[in-house]
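K.L.:
sequence plus predicted model, see below.
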Amino acid sequence: MGPGGSLRRRSTTRAALVVALASASLLGVAAPATATHRSPVASAATTGAKDTSIPQTPIVYPTPSIRSIASVDPTIKFSDLDTSDGWAKAAIRWVAATNDWMRDYAANDDGTYPFRPDRIETRKLLARSVVEAFAPDEAPDASIVFSDLDASSAWYRYAAVAVRHGWIGKERGGAFAPNGGVTMAMLHRALVLALGLKPAVKALNHLHTHAGQTFRLPRNFGTTLLGMRLYLRYNAPTGSESMDVAPLDLMSRAQVAFSLWRATTQPSYAVPDLLTQYDGIELPKLGDRTMKVVQWGVRYDGYPYVWGGEWGFSSPEPAALGGQPRSGFDCSGFSWWLLRADDGAWDVAPPRPYGGWSLPQRTSADMAKMTTTRVRFGDLRPGDLMFYDGDGDGTVDHVDTYIGNGYSLDSSSTPGGVTIMWVGDGWYREHFKFGRRILPG
């Protein structure tokens, strides 16, 4: 796993871990384990090599809050979960057995319940689960009307409450589209806003520089980014990255369960930390080249972490680079995507609106070894590479691209993909070693 930003800034006590494990045991839920270290086989240190060293810091998932524990039968069992759903079983138990937020289908004759983990989640079911989790007793605002959902419908209350808070938006023509599919971006929006992060969302959605320069941002930019920072999206392990989703991909019920589980078991400091880091975000005045780098990078907000990933198009990666299961990036792959010049085999400009600069090295360690002048943290300029020693063994194992005022464009495996990361303190500042200047002048 990659560095964890705000959720790495404080350690969970041993007592809290014992309570979490005990709670999981009593509820019949598989206790969330600490993150495991990925140890892919090292590739050759060539231009096309894959980055094999990603910072590792164990995660201890927080104890569920008393607020979110419902008095329901802990013996509820599901009839359609198998070994392929193992990654989501604890989450499914939490949202549909310990709580009834996603217990959406009637019981079978034998008393078990279908969960339908692979079915694409609908907007009406998402509205129900988020309202039941965050506003279970709230009455609907009767002034909210939909062109396709009457107030007499059993789904109206959930839709109206979700729309009132901005958790889910109306569709074209005032429709709610109750049977429409839920994308990753929709899900992150609902959960991030329900957690109270609206001020940080607003700041991110108005990303600008001190000189008033602005950026063309993807829809739901702020909520997607903050959802990544809260680890709401399941990050599939190496070899299973085809399971990963990007912001516009439709979400299965298992994936929604995982995200809702994570959102309702956040540690108490998670939201305040993110508000501190992003409320009021402003970048320094940027030159024409760095403006283009940042503009290109923010397009990939929320793209998944893919081990060895260096490709952001829907078209396949060139065979000369080895191919990858889907669009996405590891840490050094994202730095390539932002900075590396085309070379005939790896060509992204156009549509990237600039040619790039010399960066033939593929891994973070190799990029660091080619540094002739090490840049100190206080001397970093937008466009510089930042190198980190996550294991504390003296070896660089993570890289991202500085964009100024304590922020970087980053892809790491703990948030599970691409974000604008706060690097001014916490894990990133503590493990920063030195920078490397790529842009000339």
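P.N.:
Everything's here; your move.
K.L.:
would you map the strands across the stretch 201-350 of the chain?
P.N.:
Assigned by DSSP state E, counting those that start in this stretch, the strands in the stretch 201-350 of the chain fall at 310-311, 328-329.
K.L.:
of those, which is nearest residue 127?
P.N.:
Across those, residue 127 has its closest neighbour in strand 328-329 (29.1 Å, C-beta to C-beta). (C-beta placed from N, C-alpha, C; glycine too.)
K.L.:
average pLDDT for the closest one?
P.N.:
Mean pLDDT, strand 328-329: 95.
K.L.:
ok, now stretch 121-130?
P.N.:
Averaged across stretch 121-130, the pLDDT comes to 98.
K.L.:
so where is the protein shaky, pLDDT-wise?
P.N.:
The model of the chain has pLDDT under 70 over residues 1-74.
K.L.:
what about the residue of the chain most remote from its centre, is that helix, strand or coil?
P.N.:
For the chain, the residue at maximal distance from the C-alpha centroid (C-alpha atoms, centre = their mean) is residue 109, at 39.0 Å. Of the three states, residue 109 takes coil under DSSP: H, G, I helix; E, B strand; the rest coil.
K.L.:
okay, now the closest residue to residue 208 other than its chain neighbours: neighbour count?
P.N.:
Spatially, and ignoring its direct neighbours in sequence, residue 208 is nearest to residue 214 (4.9 Å; C-beta to C-beta, 6 or more residues apart in numbering). When neighbours are defined as other C-beta atoms under 10 Å, residue 214 has 11 of them.
K.L.:
isn't residue 214 up against residue 207?
P.N.:
Yes: assessed by C-beta atoms under 8 Å, residue 214 is found in contact with residue 207 at 7.2 Å.
K.L.:
all helices for the stretch 201-350 of the chain, in order.
P.N.:
221-229, 253-263, 270-278, 288-298, 331-339 (DSSP state H, counting those that start in this stretch).
K.L.:
torsion angles phi and psi at residue 183?
P.N.:
When quoted as degrees, to the nearest 10, the phi and psi of residue 183 stand at phi -90, psi 170.
K.L.:
if I look at the residue nearest to residue 336 when sequence neighbours are not counted, how far off is residue 237?
P.N.:
Leaving aside its sequence neighbours, residue 336 sits nearest to residue 310 (C-beta to C-beta, 6+ apart; 4.9 Å). To residue 237, residue 310 is 19 Å away according to C-beta to C-beta, to the nearest Å.
K.L.:
mind checking the SS state of residue 394?
P.N.:
Here residue 394 is recorded as coil under three-state DSSP.
K.L.:
burial measure for it, as a count.
P.N.:
Other residues near residue 394 come to 7 when the count uses other C-beta under 10 Å.
K.L.:
who has more neighbours, residue 310 and residue 237?
P.N.:
When residue 310 and residue 237 are compared for neighbours, residue 310 comes out ahead with 26 against 13, by other C-beta under 10 Å.
K.L.:
got the contact list for that one?
P.N.:
The contact partners of residue 310, taken as C-beta atoms under 8 Å, 6 or more residues apart in numbering, are 317, 321, 324, 329, 330, 332, 333, 334, 336, 337, 346, 362.
K.L.:
so which of the residues you listed comes closest to residue 393?
P.N.:
Nearest to residue 393 out of these is residue 332 (C-beta to C-beta; 18.1 Å).
K.L.:
for that closest one, give me its contacts.
P.N.:
Applying C-beta under 8 Å, 6+ apart, we find residue 332 in contact with 51, 310, 362, 363, 364, 367, 399.
K.L.:
helices of the stretch 51-200 of the chain, start to end?
P.N.:
According to DSSP H, counting those that start in this stretch, the helices that the stretch 51-200 of the chain contains are 89-93, 123-134, 156-165, 184-194, 198-205.
K.L.:
hang on, the earlier thing: mind checking how far the residue farthest from the centre of the chain is from residue 79?
P.N.:
For residue 109, the distance to residue 79 - C-beta to C-beta - is 10 Å.
K.L.:
list the residues that contact the nearest residue to residue 97 once chain neighbours are set aside.
P.N.:
In this structure, residue 97 finds its nearest non-sequential neighbour in residue 76, 4.2 Å apart by C-beta to C-beta, 6+ apart. Going by C-beta under 8 Å, 6+ apart, residue 76 touches 96, 97, 103, 113.
K.L.:
farthest pair in those?
P.N.:
Checking those against each other with C-beta to C-beta, the farthest-apart pair comes out as 97 and 113, at 8.3 Å.
K.L.:
overlap in contacts of these two?
P.N.:
Common neighbours of residue 97 and residue 113, counting by C-beta under 8 Å, 6+ apart, are 76, 77, 78, 103.
K.L.:
show me what contacts the residue lying closest to the last one once chain neighbours are set aside?
P.N.:
For residue 103, ignoring the flanking residues on the chain, the nearest one in space by C-beta to C-beta, 6+ apart is residue 96 at 4.5 Å. When contacts are counted by C-beta under 8 Å, 6+ apart, residue 96 is found next to 76, 78, 102, 103, 104, 113, 115, 257.
K.L.:
among these, which are located in strands?
P.N.:
Nothing among those maps onto strands, per DSSP state E.
K.L.:
who wins on neighbours among those residues?
P.N.:
Ranked by the number of neighbours (other C-beta under 10 Å), the contacts of residue 96 place residue 257 first, at 28 neighbours.
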